[in-house]
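K.L.:
Predicted coordinates and the sequence they were generated for:
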Amino acid sequence: MSQPGDRSNSVNWSSLSTIVLLFVLMRLTILFLFTPQGLFNAYSDYYFYFRSAQLSDQGYFPFINMWYEYPPMLAYLSLAIYRLTQAIIPVGDVYSFGYQLFARLLGLVFLVFETGVLVLLYKIALEIWGREKADWLGWVYSGLSLPVFFWLYAHQVVVVFFMMLAIFLFISKRLWPSAAALGLGVASKFFPIVMVLPIVKFLWPQLKKIVVFVLLVLLVFGIGYLPFLYVGGGPWLIASFQALTNVGSYGTIWAVLDGNWGPGTYGPLSTRVDLDQSMLLHANPSRLPGWLVLAAFGLLYGVFLLAIIIRGILLS
């Protein structure tokens, strides 16, 4: 990391502004010249966000009177974009101009997060490796096509942004803001919770800081659900978590063994208004119990983490 007063690793705003400008211009061109379906000729989660937001026209809202597979942040982000689209033009089906506007507005919001990912990637590299490597990583990320796919396919960029923000704040020794950022990451998708273990490794053996950090992550995550408990959405929250255990295998080698070739499915959107539907499996049953796979990988992850901790103790 750069030392106080050492300007060798200070941000080169000229280089960074050029990288960000080219990055944004490339994606804006794609955003306004292609539709999400036309660009990839594949199913886009934008369609799902649009259809689920349309349920609000019938008076159904996530975690209030319908269950939902994503945490509140993403559910209500897409709903807000849908309402904004309605305020501009009438919204029809996915073949209407209203959907095209919705997709572009949502894409613009995701672009803000992805631009943040680029800037954070640059700053993290600057702190760890210096300006030359930071410039190189910025150019490489700007030129990659796979991030473009995920930007126009799903909401993963929101999750990545908060994970990167948590890492940047952590290496900048801003511990509690880092925990809040990680909590927001978990509030956008549950996966970032795995970052707690590496952070425990770096904080070890400062048990008080570890406990406060984990509690702050959980607090920020839990705050997102409190309003729905207040309005009586408890059963729908429970159903939302139940649904996560009944999605079936997908995107893995054992999913292929199970005969589940597509993405994880929770059934038609119309089932979201039925509590009982959250407990039904909408895929081929797994030949390997999910808890066993999770336990196996959790054990493997724990072994690697323990080995790193022991190595750090021996070298200290």
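P.N.:
It's in.

K.L.:
Can I take it that residue 282 is in a strand?
P.N.:
No. Using DSSP: H, G, I helix; E, B strand; the rest coil, the assignment for residue 282 is coil, not a strand.

K.L.:
Which stretches in the stretch 1-150 of the chain count as strands?
P.N.:
For the stretch 1-150 of the chain, strands defined by DSSP state E, counting those that start in this stretch do not occur.

K.L.:
residues near residue 141, how many?
P.N.:
Residues near residue 141, counting by other Cβ atoms under 10 Å, number 17. For every residue, glycine as well, the C-beta is placed using N, CA and C.

K.L.:
Actually, residue 58.
P.N.:
Residue 58 has 8 neighbours, counted by other Cβ under 10 Å.

K.L.:
repeat for residue 239
P.N.:
There are 21 residues near residue 239, going by other Cβ under 10 Å.

K.L.:
Identify the residues contacting it.
P.N.:
Residues near residue 239 by Cβ atoms under 8 Å, 6 or more residues apart in numbering: 67, 275, 278, 279.

K.L.:
buried sites along the helix or strand where it lies?
P.N.:
Using DSSP states H and E, residue 239 falls within helix 234-244. Applying a neighbour-count criterion of 16 or more other Cβ atoms under 10 Å, one finds 236, 237, 239, 240, 243 buried in helix 234-244.

K.L.:
Sort the residues you listed by pLDDT and name the bottom one.
P.N.:
Taken together, the buried residues of helix 234-244 show their lowest pLDDT at residue 243, with 83.

K.L.:
Hmm, it is touching residue 278, no?
P.N.:
Yes. Here residue 243 reaches residue 278: they are 4.2 Å apart, a contact under Cβ atoms under 8 Å.

K.L.:
Could you tell me which residues touch both of the two?
P.N.:
Shared contacts of residue 243 and residue 278, defined by Cβ under 8 Å, 6+ apart, are found at 67, 266.

K.L.:
low pLDDT regions in the stretch 1-150 of the chain?
P.N.:
Within the stretch 1-150 of the chain, the stretches with pLDDT under 70 are 1-14, 33-43.

K.L.:
Could I get the contacting residues of residue 192?
P.N.:
So residue 192 contacts 159, 162, 163, 166, 182, 185, 186 (Cβ under 8 Å, 6+ apart).

K.L.:
where does it land in three-state SS?
P.N.:
Classification of residue 192 by three-state DSSP places it in helix.

K.L.:
Counting neighbours, what do you get for the residue lying closest to it once chain neighbours are set aside?
P.N.:
Once flanking residues are discounted, residue 192 sits nearest to residue 185: 3.6 Å by Cβ to Cβ, 6 or more residues apart in numbering. Using other Cβ under 10 Å, residue 185 has 27 other residues around it.

K.L.:
Identify all contacting residues around the host helix or strand of residue 177.
P.N.:
Taking DSSP H and E as the definition, residue 177 sits inside helix 175-188. Helix 175-188 is touched from outside by 71-74, 155, 158-159, 162-163, 165-167, 169-170, 192-193, 195-196, 199, 209, 212-214, 216-221, 224, with contacts defined as Cβ under 8 Å, 6+ apart.

K.L.:
Could you measure from residue 115 over to residue 188?
P.N.:
As for residue 115, its distance to residue 188 is 17 Å (criterion: Cβ to Cβ, to the nearest Å).

K.L.:
Which one's more surrounded, these two?
P.N.:
Between residue 115 and residue 188, residue 188 has the larger neighbour count (other Cβ under 10 Å), namely 27 against 16.

K.L.:
Need the residues that contact stretch 97-104.
P.N.:
By Cβ under 8 Å, 6+ apart, the residues outside stretch 97-104 that reach it are 31-32, 35-36, 44, 46, 50, 81-82, 85-86, 88-93.

K.L.:
Report the buried members of these.
P.N.:
31, 35, 36, 44, 46, 50, 81, 82, 85, 86, 91.

K.L.:
ok, residue 79 touching residue 55?
P.N.:
No. The pair residue 79 / residue 55 is not scored as a contact, 9.2 Å apart, by Cβ under 8 Å.

K.L.:
joint contacts of those two?
P.N.:
Shared contacts of residue 79 and residue 55 (Cβ under 8 Å, 6+ apart): residue 61.

K.L.:
Show me the residue sitting in the middle of this protein in space.
P.N.:
Using Cα atoms, centre = their mean, the residue of the chain that lies closest to the mean C-alpha position is residue 159, 2.3 Å off.
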